Structure formats: structure tokens, C-alpha cells
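**Student:** Quick check, what structure comes out for this input:
(one chain, ligands or ions: 1)
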Amino acid sequence: MDIWRREDSIRRGDRTRMSLTKSDVYRKLEEKMLGYADYENITVISEEDEVGFIPVKSSAVLIVKPINTGATELTDGNVHLRSPVADRLYWAGQELRNLDKSLQLELVYGYRPLEVQRKLFDEAKEALANKYQDSQQLIEAAHRRIAVPDVAGHPTGGAVDVQILRDSVEVEMGTPIWDFSHDSYTFSPFVSRDAWMNRQLLRRAMMAAGFAPFDGEWWHFSYGDKEWARFYDQPGALYSQVAVADLPSRQDIAMLTEPR
Ligand SMILES: [Zn+2]
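**Tutor:** Numbers count the residues shown, from 1 in each chain. Prediction:
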């Protein structure tokens, strides 16, 4: 076979492989992600509501820089977490630093009031309502955008959105944090090699500290919620969702911040 024909056949071969489109690959990744049906029967076995919420403070290994949302005033502009979850976040930050001294973990989001989760989920469902006739399918589709409130992680104070800083600058992750596109799937093969490596680095540090990853968003991890229970085959979740109305008063929160 002469070289030209061979090159031609290689090109044809490439075309055949490329007929698998980007959306085919993303559909395959979605099949591996857990949906609402995987969580709805998980119960909360160790209600640790006495485990308080604290506003997380920056340290040498953890920078707290809250994303401004419409509900920021409900949490006084802080990022609140269950206190054992905050402890694990410092461990994850330390793990990153042990791997590379120039790295820090940045926390941008944590507790979301249950009231806000309900509102966002209803909006997601409404936006998709005309695309799905089947109500179960509609719930699953809406859940992929905004978690169903009774299984959602952020309202438990156990879920976090984090990224990595190198010398105080965000490292390349392939998409900005909170970019709700398919490219944000942790295992997207359509991001740069650096972004892929940084996603794995974040996953490694967070899992080493006991967090469960969510493969639909490279920045989302949780401890003690239903996603965590399912990921680690735990008998149940540790924390239930809490409305801001049921949180300790702001004065109580302020007192909790003092000695850490
Ligand atoms: Zn999140």
C-alpha cells in the first residue's frame, strides 16, 4: 500500500471514530452519574442537628470567598457549614498543601437555606415542564440542574463548592466554577490536560478528607448528606436539610465563631 492510500485510510478511520459526537460522550458520562432515584430511599440515621452550623473562617490552607447570591443576606454573607464538615475542609486544604506548598483550597459556597433550595428546584422544574410528559422523568431532569430538596446536599450544611488556588490565583479547571455546562462534568475528556490533572488533584484532596465527589460538577463535594451516604455505601446520611428559620439565632452563630 503506498503511503498516500495509507494516510487516506487513517483519515477515514479517524472520521469513523469522530462520528461519536461530543454529546454521545456526555450522554455516556451522564449514565454513570447517580440520579434522584438513587437517593430518595436513603434515610438520615444519625440526626446530628445538635451539631451546629458555623461560618467558616479562612486559614493558611483554606480561603473562604463566598459567591454572592440572591440569598447571601440569609447567611450574613458568610459560608456556613456543619462544624465537622468545616474541620474536614481544613484537612483537605492541608492535603493539597502537602502535595504542593503553593496550593490552597478555596471555599465559595456551603449551606443553602432549604427555602431557597425549594424555590430553585420549583423554577428548574417549571422551565423543563413542557419537555417531559412523564413526571418521574421531569423530576430527574430538574434534579440534574437543582437537586430535589429532600435529597439536596447544600441545605444540610454538608455540601461544599470548592476550587484550587495556586499562589492565590485560581488554577485552570476547564470551566469557571458554577459554569453549568457539560464541560463541567468532572471526567469530561474535552478539557485541557492541565484542567484534567487539576480536577483529579481536587478530587484526591477532598476524598482523602472523607468527602464524596459529584461527577456532574467538578467543584461539588459533600460529607454526611445522602449523596455521601450513597457514594460510600453508608447505612444512612448524618445530616438532614435545615430551613434558615430553624437555624440558631444570628447571635448564637456569632458566639460559635469565637474560639475554634
Ligand atoms: Zn454545589
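
**Student:** I figured Lys131 hits Arg145, correct?
**Tutor:** No: with contact defined as C-beta atoms under 8 Å, Lys131 does not reach Arg145; the gap is 12.0 Å. Using the backbone N, CA and C atoms, a C-beta is placed for each residue, glycine as well.

**Student:** OK, contacts around the closest residue to Gly77 other than its chain neighbours?
**Tutor:** Leaving aside its chain neighbours, Gly77 sits nearest to Pro66 (6.3 Å; criterion: C-beta to C-beta, 6 or more residues apart in numbering). Applying C-beta atoms under 8 Å, 6 or more residues apart in numbering, we find Pro66 in contact with 72, 77-79, 108-109.

**Student:** go on, Ala229?
**Tutor:** Ala229 sits next to 42, 235-238 when contact means C-beta under 8 Å, 6+ apart.

**Student:** how does it look with 7 Å?
**Tutor:** By C-beta atoms under 7 Å, 6 or more residues apart in numbering, the contact set of Ala229 is 42, 236-237.

**Student:** Emit the PyMOL select command for whichever of the residues you listed are buried.
**Tutor:** Buried residues among the contacts of Ala229 (16 or more other C-beta atoms under 10 Å), as a PyMOL selection:
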select buried, resi 42+237
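
**Student:** contacting residues for Tyr90?
**Tutor:** Here Tyr90 is in contact with 59, 61-62 (criterion: C-beta under 7 Å, 6+ apart).

**Student:** which stretches of the stretch 1-150 of the chain form helices?
**Tutor:** Assigned helices in the stretch 1-150 of the chain, in chain order: 3-18, 22-32, 36-39, 83-99, 114-128, 135-145 (criterion: DSSP state H, counting those that start in this stretch).

**Student:** surely Phe231 meets Ala212?
**Tutor:** Yes: checked against C-beta atoms under 7 Å, the pair Phe231 and Ala212 is within contact range at 3.7 Å.

**Student:** more neighbours, those two?
**Tutor:** Looking at Phe231 and Ala212 with other C-beta atoms under 10 Å, you find the greater number of neighbours at Ala212, namely 23 against 19.

**Student:** Now the more buried one. Its backbone dihedrals?
**Tutor:** With angles defined as degrees, to the nearest 10, Ala212 sits at phi -100, psi 140.

**Student:** Local confidence estimate at it?
**Tutor:** Ala212 carries a pLDDT score of 98 in this model.

**Student:** and if you look at the one 4 residues further on?
**Tutor:** Gly216 is assigned a predicted lDDT (pLDDT) of 92.

**Student:** measure the residue nearest to Gly77 to Ala209 for me?
**Tutor:** Noted for Pro66: a distance of 21 Å to Ala209, by C-beta to C-beta, to the nearest Å.
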